[in-house]
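1. mind folding the following:
(one chain, ligands or ions: 4)
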Amino acid sequence: MAAKSNGQVSKVLDGPINPMVTPLLTDLYQFTMAYAYWKAGKHNERAVFDLYFRKNPFGGETKSISSENRCLLRVRMDSLIILEELTVLMLKFMLCKRDQLFSRRFPLLRVEGPIAVVQLLETPFLNLINYASLVATNAARHRFVAGESKMLLEFGLRRAQGPDGGIGASRYCYMGGFHATSNVAAGKLFGIPLRGTHSHAFVSSFMSPDEIIDKSLHSSDKRSTCEDFVSLAQTWLNKIQWSNSLNDTYDVMRSGIPNFCAVALALNDLGYKAAGIRLDSGDLAYLSSEARKIFCIIEKEFGVPGFGKMVITASNDLNEETLDALNKQGHEVDAFGIGTYVVTCYAQAALGCVFKLVEINNQPRIKLSEDVTKVSIPCKKRSYRLYGKEGYPLVDIMTGENEPPPKVGERILCRHPFNESKRAPRWSNRRSATIKDIRERCISQLAKMRPEPHEETKLNPTPYKVSVSAKLYDFIHSYGSMRHPWGCSESL
Ligand SMILES: Nc1ncnc2c1ncn2[C@@H]1O[C@H](COP(=O)(O)OP(=O)(O)OP(=O)(O)O)[C@@H](O)[C@H]1O
Ligand SMILES: O=P(O)(O)OC[C@H]1O[C@H](OP(=O)(O)OP(=O)(O)O)[C@H](O)[C@@H]1O
Ligand SMILES: O=C(O)c1cccnc1
Ligand SMILES: [Mg+2]
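-> Numbers count the residues shown, from 1 in each chain. Ligands and ions are numbered 1, 2, ... in the order given. Modelled structure (predicted):
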């Protein structure tokens, strides 16, 4: 891919760019353990680690509804996006389904190799995956609430966690389904489309139109020149203000909208098309609807085709709740500029992926805990996503490495890993599951999730199930109870 900047073609990076990602980007205790494995003569023992998260981010699938998080729970999003960041390490022994939607407990990654080496990788893997996945998931949730037809612009650089956070956030927001960013460095580095408007400072820097020195403007076809574009816009402003149809509405927004329309109409005279407006304060639902009315009246009254479709962008502390509230009220916004809430992941500060040893020298290992959510699923496993006839994912299932894979059209027993009473026979229909490709895969994976039909289920999203095969279930329970008689009736 290539992006143009100052007339020059620059290379756009799809791979890793962060010079901070070095072998030392790990916790000290990983080196302490690697050294101790070596001292114990164990460093070459073949280890298998699973990387997974235990709890869905952003309250996905939570059952209890409190007034504070009600809006978040309206969105069904019990999955998470894992990005391709990791392929940079090119580990032969790594299995990774790229750009997939994942559910809790489902291994995002299985890493197999000499224990001393794989141990060192715990921290960098978690560092690379946790933030990236959280931001991409957050972006996807915002897109989901905004609605597919809306344009989402990431405006968060000024609020992001430093330069690294800002560059990363722009990249992961794009992967999660945003359409563009205001971050010029991210645009240049990754080829993310750049978009932007202007700020209040620009307007308030002018005291009067007299400050405009060069008032002339060529027509778009360069065949003629308007010597006083400012006067042309002023003439339009007078026409707008004298128009009967606009008398009622123009003073809703006394200055910004009429002035914009006057300039847009003057530009139209010279063959240009104005891009649109940005609303950054006040009641965004109401103001966008009023602005749209004015644009439509102008289209009709002055015969300017397409004027009614002028792009309306809204910004200012937008998040899932405000987007949802705007949708409920009805609005005419085409594009949302979102900063703080998306890049800082305001609704959830971190994703809790963990990296756990599940096998060593072909012997299973389990992490036991009084807290059943912390019990790991032992063994080197294979994982599958089962799809129903309509093409929606039904359930994820983990089997032992040597079990035969599920077959299309054959029944398979899917068991809750720890709850004896939860079992569901399923028909299986197995499918294995550049920055633009990742984005498209994320969007298409999300589109495959079964839509939630009713408001009721949006408030109370149906959990996406992750199960184990009957054989793996029996193994976990016989193996686990040999080591610890844990009470596993609780739903995980
Ligand atoms: N119709 C609406 N429904 C729900 N939330 C809205 C609506 N319109 C605006 N908001 C949100 O309400 C908040 C308004 O915040 P605030 O009162 O600080 O802004 P403002 O006073 O309009 O703007 P500013 O002070 O920046 O000029 C923002 O988070 C905005 O996204
Ligand atoms: O989602 P957000 O974090 O709001 O990001 C976008 C905001 O950033 C800019 O203003 P800024 O916040 O710098 O100043 P203002 O809100 O006082 O206008 C812009 O005008 C938006 O309001
Ligand atoms: O281009 C904009 O409108 C913009 C960019 C960053 C932050 N706020 C607004
Ligand atoms: Mg602000």
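2. for the rest of this, base every contact and every neighbour count on C-alpha atoms.
-> Noted.
3. name the nearest residue to Asn183, ignoring sequence neighbours.
-> Leu157 (6.3 Å; CA to CA, 6 or more residues apart in numbering).
4. the one you found: neighbouring residues, count only.
-> Other residues lying near Leu157 total 25 when counted by other CA atoms under 10 Å.
5. now swap in Arg110 and tell me
-> 22.
6. any figure for the gap between it and ligand 3?
-> Distance, Arg110 to ligand 3, using CA to the nearest ligand atom, to the nearest Å: 39 Å.
7. am I right that that residue is in a strand?
-> Yes - if the criterion is DSSP: H, G, I helix; E, B strand; the rest coil, then Arg110 is within a strand.
8. pretty sure it contacts Phe49?
-> Yes - judged on CA atoms under 8 Å, Arg110 makes contact with Phe49 at a distance of 5.7 Å.
9. give me the low-pLDDT residue ranges for the protein?
-> Within the chain, the ranges that satisfy pLDDT under 70 run 1-17, 60-104, 247-252, 419-433, 450-463, 480-492.
10. tell me which parts of it are close to ligand 3?
-> 155, 182, 196-198 (CA under 6 Å from any ligand atom).
11. of these, closest to ligand 2?
-> Phe155 (5.3 Å; CA to the nearest ligand atom).
12. ok, that closest one - contacts?
-> 181-183, 337-340 (CA atoms under 8 Å, 6 or more residues apart in numbering).
13. give me that answer again for 6 Å
-> 182, 337-339 (CA atoms under 6 Å, 6 or more residues apart in numbering).
14. again, but for Ile312
-> 276-278, 333-334.
15. so it bridges to which residues?
-> For Ile312, the beta-bridge partners under DSSP bridges are Ile277.
16. distance of it from Phe355?
-> Ile312 sits 45 Å away from Phe355, going by CA to CA, to the nearest Å.
17. what about the residue in the stretch 101-250 of the chain that ligand 3 sits nearest to, how many residues nearby?
-> Distance from ligand 3 to each residue of the stretch 101-250 of the chain (CA to the nearest ligand atom) is smallest for Gly196, at 3.1 Å. Residues lying near Gly196 (other CA under 10 Å) number 15.
18. secondary structure element for it, which one?
-> Using DSSP states H and E, Gly196 sits in no helix or strand.
19. what sits against the residue nearest to it when sequence neighbours are not counted?
-> Distance criterion CA to CA, 6+ apart; nearest residue to Gly196, sequence neighbours excluded, is Ser182 at 5.7 Å. Applying CA under 6 Å, 6+ apart to Ser182 gives the contacts 155, 194-196.
20. which among these are in contact with ligand 2?
-> Okay, of these touching ligand 2 (CA under 6 Å from any ligand atom), that's Phe155.
21. redo the contacts of Ser182 as JSON lines? Include distance to ligand 1.
-> Shown next, in JSON lines, are these (distance: CA to the nearest ligand atom, whole Å):
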{"residue": "Phe155", "distance to ligand 1": "14"}
{"residue": "Leu194", "distance to ligand 1": "22"}
{"residue": "Arg195", "distance to ligand 1": "20"}
{"residue": "Gly196", "distance to ligand 1": "18"}
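22. farthest pair in the contacts of Ser182?
-> Maximum pairwise distance among the contacts of Ser182 (CA to CA): 10.3 Å, between Phe155 and Leu194.
23. neighbours of Cys442, how many?
-> Cys442 - counted by other CA under 10 Å - has 25 other residues nearby.
24. among the contacts of Phe155, which are in reach of ligand 2?
-> When those are checked against ligand 2 using CA under 6 Å from any ligand atom, the ones in range are 338-339.
25. from the contacts of Phe155, pick the one nearest Pro364.
-> Nearest member of these to Pro364, counting by CA to CA, is Gly339, at 45.3 Å.
26. what degree of burial does the closest one show, as a neighbour count?
-> 26.
27. can you name the residues that contact it?
-> 154-156.
28. go again with 8 Å.
-> Contacts of Gly339 by CA under 8 Å, 6+ apart are 154-157, 159, 317-318.
29. could you measure from it over to ligand 1?
-> With CA to the nearest ligand atom as the criterion, Gly339 and ligand 1 are 11 Å apart.
30. excluding chain neighbours, what is closest to His218?
-> Thr225 (4.2 Å).
31. that neighbour contacts Asp269, correct?
-> No - with contact defined as CA under 8 Å, Thr225 does not count as touching Asp269 (11.2 Å).
32. residues from the protein in reach of ligand 1?
-> Residues of the chain lying near ligand 1 (CA under 6 Å from any ligand atom): 281-285, 316-318, 322, 325-326.
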